[in-house]
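[1] sequence? don't have it. structure:
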């Protein structure tokens with residue numbers, strides 16, 4: 001695992017997915033988390049057994065949490081900038 005900017009919790013919970021689907025984490029610049037998010041999106045709406053073939057539940061939860069946190073941060077940044085304008 002070379003992309004040290006990725007959250008250690010995600011690395012721990014998604015180690016199998018990183019090795020199997022995401023170039024073993026050797027590509028930097030956010031490519032590993034992008035790969036994991038793509039896997040999570042691909043598995044959305046699928047049955048549990050079918051989803052497990054793509055991404056394990058603990059990895060899916062970790063990536064989904066990270067995605068929600070990123071959306072919240074973006075929302076608050078936009079609201080802050082809007083408050084400076086008005």
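    Thanks, I have the structure now. Being a predicted model, the structure only gives us computed values, none of them experimental.
[2] Would you mind listing where the protein has pLDDT under the threshold?
    The model of the chain has pLDDT under 70 over residues 1-5, 27, 48-52.
[3] Which parts of it are helices?
    8-13, 15-21, 31-43, 48-54, 57-85 (DSSP state H).
[4] Mind putting these into CSV with mean neighbour count?
    C-beta here means a position set from N, CA and C on the backbone, and glycine is covered the same way. Shown next, in CSV, are those (neighbours: other CB atoms under 10 Å):
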stretch, mean neighbour count
helix 8-13, 15
helix 15-21, 16
helix 31-43, 19
helix 48-54, 12
helix 57-85, 12
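[5] Tell me the spacing between the residue nearest to the spatial centre of the chain and residue 33.
    By CA atoms, centre = their mean, the chain has its centre lying nearest to residue 63, at 3.5 Å. As judged by CB to CB, to the nearest Å, residue 63 and residue 33 stand 8 Å apart.
[6] what do those two both touch?
    Common contact partners of residue 63 and residue 33 (CB atoms under 8 Å, 6 or more residues apart in numbering): residue 10.
[7] thinking again about what came up before, the residue nearest to the centre of the chain contacts residue 11, doesn't it?
    No. Using CB atoms under 8 Å, residue 63 is not in contact with residue 11; the gap is 11.4 Å.
[8] about what we covered before: what's the spacing between the closest residue to the residue nearest to the centre of the chain other than its chain neighbours and residue 59?
    Excluding the flanking residues, the one nearest residue 63 by CB to CB, 6 or more residues apart in numbering is residue 40, at 4.5 Å. In this view, residue 40 and residue 59 are 8 Å apart by CB to CB.
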